[in-house]
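Chemist: mind folding the following:
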Amino acid sequence: MNIRSRMSLKRTTYFIILLLFALLGLITIFLGMFLFINTMDKNMRSLAKKIAVTATENLDADKLEGYLDNLVKDDDYNQMLQKLSKIKGNNKVTYLSVIQVTEDGLYIIFDTNEEGSPSSLIESHRILQIIKSYMEHETEEFPTLVTQGSFGWLCSAYEPIKNKQGEIIAVTSVGIQLDTTIKNRAAFLVTMITSMWFTAITLTAIIIFLLRKNIIKPIKELAYATGDFVTNNTDGIKDEKNDIENLRFRYGNEIDQLTDTIFTMEKIVLKYMDKLSKVTMQRDNISAELSIAASIQKDILPSIFQIFPFRNEFALHASLHPTKEVGGDFYDAYMLDEERLGFVVADVSGNGVSTALFKIIINALIKTQANLCSSPAEILTNINRLLYENNKVRMFAAAFMGILDLKTGTLTYANAGHIQPLFSERGKYYQYISSKPGFILAGLDGIQYKDFQLQIEPGDRLFLYTDGLLRLRIYHKSHMVMIDY
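Modeler: Sure, this is the predicted structure:
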């Protein structure tokens, strides 16, 4: 069986999976990096602030104020300097200083670092701006700063030292070098990217393997077998090599149901094709073919005028009157569950056995897809794809499908090139429903049908018909009226 040169289901599935994992990986990397950087920055700022507060609490504001008055480095000064040096050493900070703010500028009172250390990087105007903002706006605490200079990245925190009157007499300044943290960010990013791509590739391989084994391969084999059946069994002789019966799908999912449905279709078609062959050989008359086709058409349609006569929520009547022995029109209705009624009216192109066979295929696909899909548009979209893929004889069909919610009265429907139904609201005049029909089935690949909704109330009526009604000749006495469009 020849396959049209187009992107297959397998390639499409693989492409979508790879694209989803790529997007998921990028989102995870960016989100993880953002959270990591934000957490690290928050932790370093909090740590610097806590050290500044601890250092401030270990200083005697009265003794410090006395030193500022006489500038004599006595035992109290040395003891406070030792405490600050111990705090600096225990917490492994880059610098820890106490700064006095005066009208002339900033003066370092305590400096736990040697000359040339990062403490000399403190900018006077920045400290003055922070203290000024603190005094004018009475903020709860000094902010922390992250800066870059000749000593690398630093996280600096400041804490005011107040006397008994609540006046700021000095500021404790703490700096923590962030170069190692910046390097850790880069290492974290590399590790995350490597791990994410490794995980994505592994999961993709597993998912592709499972999809290929359980879905793609069975569907591909079923598609080939179905196409070969139509191609090789037109003479009514069963081809064992490509028989769907030989495909032993037992995956416990909807593929088994599809296989069984098509297999049932194969048996029915082969049965009638065999019968047609025998009749043709005996009579050599074209009427035999039409008789068999008419029998097939009759078998696939509901045999009673009122369908579901024991249901009280609705009344559904249907009738088929072909103008010839075998026509292309058919209808069907079925309960999807206790609260949903599904129905379809369709018109297949042509006449004869090929039309009947095409109707059986469409009817079987509709029943199968109705159990797999949730909306008429999705059902018709899938059927169009399946029919077009193996439509070597270029047949097509117009179809109208609806699903009525018996609980809410909401009718969801999709139209594949069919004539618009007529709707009567509570016994009023019939009017065409206003939705726009889509393209016919099996006529063009890639068609996406749309769902429409119509609210059905008690007393409303919906009339569906095919184009044969519009070409009907009505005789009245000696007059003939031709209804056409």
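
Chemist: what's the first helix or strand after the helix or strand hosting Thr172?
Modeler: Thr172 belongs to strand 168-177 when assigned by DSSP states H and E. Following strand 168-177 in sequence order, the next helix or strand is helix 179-211 (DSSP H and E).

Chemist: wait, Met401 sits on Leu411?
Modeler: No. Contact criterion CB atoms under 8 Å: Met401 and Leu411 do not qualify, at 10.8 Å. For every residue, glycine as well, the C-beta is placed using N, CA and C.

Chemist: more neighbours: which of these two?
Modeler: Met401 (26 against 21; other CB atoms under 10 Å).

Chemist: and the gap between that one and Leu316?
Modeler: 14 Å (CB to CB, to the nearest Å).

Chemist: dihedrals phi and psi, Glu339?
Modeler: phi -120, psi 0 (degrees, to the nearest 10).

Chemist: can you report how many residues lie near it?
Modeler: For Glu339, using other CB under 10 Å, the count is 12.

Chemist: thought Asp41 was touching Val146?
Modeler: Yes. Look at Asp41 against Val146 with CB under 8 Å: they come within range, at 7.1 Å.

Chemist: circling back to that earlier point, can you list the strands that the strand holding Thr172 pairs with?
Modeler: strand 95-102 (antiparallel), strand 152-162 (antiparallel) (DSSP bridges).

Chemist: now these as a markdown table including distance to Asp179?
Modeler: Listed next are those as a markdown table, based on distance: least, CB to CB, whole Å:
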| stretch | distance to Asp179 |
| --- | --- |
| strand 95-102 | 14 |
| strand 152-162 | 4 |
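
Chemist: okay, these in TSV with mean pLDDT, mean neighbour count and distance to Cys373 next?
Modeler: TSV is the format used below for those (pLDDT from 0 to 100; neighbours: other CB atoms under 10 Å; distance: least, CB to CB, whole Å):
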stretch	mean pLDDT	mean neighbour count	distance to Cys373
strand 95-102	79	21	69
strand 152-162	82	21	58
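
Chemist: closest one to Ile182 among these?
Modeler: Set against Ile182 and scored by CB to CB, these come closest in strand 152-162, at 5.7 Å.

Chemist: got the buried residues for the strand holding Thr172?
Modeler: 169-177 (16 or more other CB atoms under 10 Å).

Chemist: and which of those is nearest to Tyr331?
Modeler: For those, the nearest to Tyr331 is Ile176 (79.9 Å; CB to CB).

Chemist: show me the contacts for the spatially closest residue to Ile207 that is not a sequence neighbour.
Modeler: Computed as CB to CB, 6 or more residues apart in numbering, the closest residue to Ile207 that is not its neighbour in sequence is Ile17, at 5.8 Å. Ile17 makes contact with 204, 207-208, 211 under the criterion CB atoms under 8 Å, 6 or more residues apart in numbering.

Chemist: the residues you listed, buried ones only, as a PyMOL selection?
Modeler: Per 16+ other CB under 10 Å, the buried members of those correspond to this PyMOL selection:
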select buried, resi 204+208+211
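
Chemist: and the contacts of Ile17 as TSV, adding distance to Leu59 and pLDDT?
Modeler: What follows is those, written out as TSV (distance: CB to CB, whole Å; pLDDT from 0 to 100):
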residue	distance to Leu59	pLDDT
Thr204	60	76
Ile207	63	77
Ile208	66	75
Leu211	69	74
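
Chemist: same list (the contacts of Ile17) but as TSV, adding distance to Ser424.
Modeler: Shown next, in TSV, are the contacts of Ile17 (distance: CB to CB, whole Å):
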residue	distance to Ser424
Thr204	55
Ile207	51
Ile208	53
Leu211	48
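
Chemist: what's the closest of the contacts of Ile17 to Phe452?
Modeler: Using CB to CB, these come closest to Phe452 at Leu211, 32.9 Å.

Chemist: roughly how far does Asp76 sit from Thr202?
Modeler: The value you get for Asp76 to Thr202, if CB to CB is used, is 66 Å.

Chemist: apologies, that question was intended for Gly166.
Modeler: 63 Å.

Chemist: and for Leu258?
Modeler: 31 Å.

Chemist: please identify which of those two sits among more neighbours.
Modeler: Neighbours were counted for Leu258 and for Thr202 using other CB under 10 Å; Leu258 has more, 22 against 10.

Chemist: now do the contacts for that one.
Modeler: 222, 368.

Chemist: hmm, try it at 6 Å
Modeler: Thr368 (CB atoms under 6 Å, 6 or more residues apart in numbering).

Chemist: so it versus Thr181, what's the distance?
Modeler: The value you get for Leu258 to Thr181, if CB to CB is used, is 58 Å.

Chemist: any idea whether the residue nearest to Leu365 when sequence neighbours are not counted is helix, strand or coil?
Modeler: Spatial nearest neighbour of Leu365, chain neighbours left out: Ile383 (4.8 Å); criterion: CB to CB, 6+ apart. What DSSP: H, G, I helix; E, B strand; the rest coil gives for Ile383 is helix.

Chemist: ok, how many other residues are close to Ile383?
Modeler: 24.

Chemist: in stretch 403-412, what's buried?
Modeler: Applying 16+ other CB under 10 Å to stretch 403-412 flags 403-404, 406, 411-412 as buried.

Chemist: nope, stretch 261-275 is what I was after
Modeler: Quick answer for stretch 261-275 (16+ other CB under 10 Å): 261-263, 265-266, 268-270, 272-275.

Chemist: please enumerate the helices of the protein.
Modeler: Applying DSSP state H to the chain gives helices spanning 9-57, 61-70, 75-91, 124-137, 179-211, 217-232, 254-283, 286-299, 353-372, 376-389.

Chemist: could I get the ones you listed as a markdown table with distance to Asn312?
Modeler: A markdown table is the format used below for the helices of the chain (distance: least, CB to CB, whole Å):
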| stretch | distance to Asn312 |
| --- | --- |
| helix 9-57 | 44 |
| helix 61-70 | 91 |
| helix 75-91 | 83 |
| helix 124-137 | 77 |
| helix 179-211 | 45 |
| helix 217-232 | 40 |
| helix 254-283 | 30 |
| helix 286-299 | 28 |
| helix 353-372 | 23 |
| helix 376-389 | 25 |
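
Chemist: relative to Gln165, how far out is the most far-flung residue of the chain relative to its centre?
Modeler: Farthest-out residue of the chain from its mean C-alpha position, per CA atoms, centre = their mean: Asn70, at 74.7 Å. As judged by CB to CB, Asn70 and Gln165 stand 19 Å apart.

Chemist: what do you get for Phe308?
Modeler: 94 Å.

Chemist: more neighbours: those two, which one.
Modeler: Phe308 (16 against 6).
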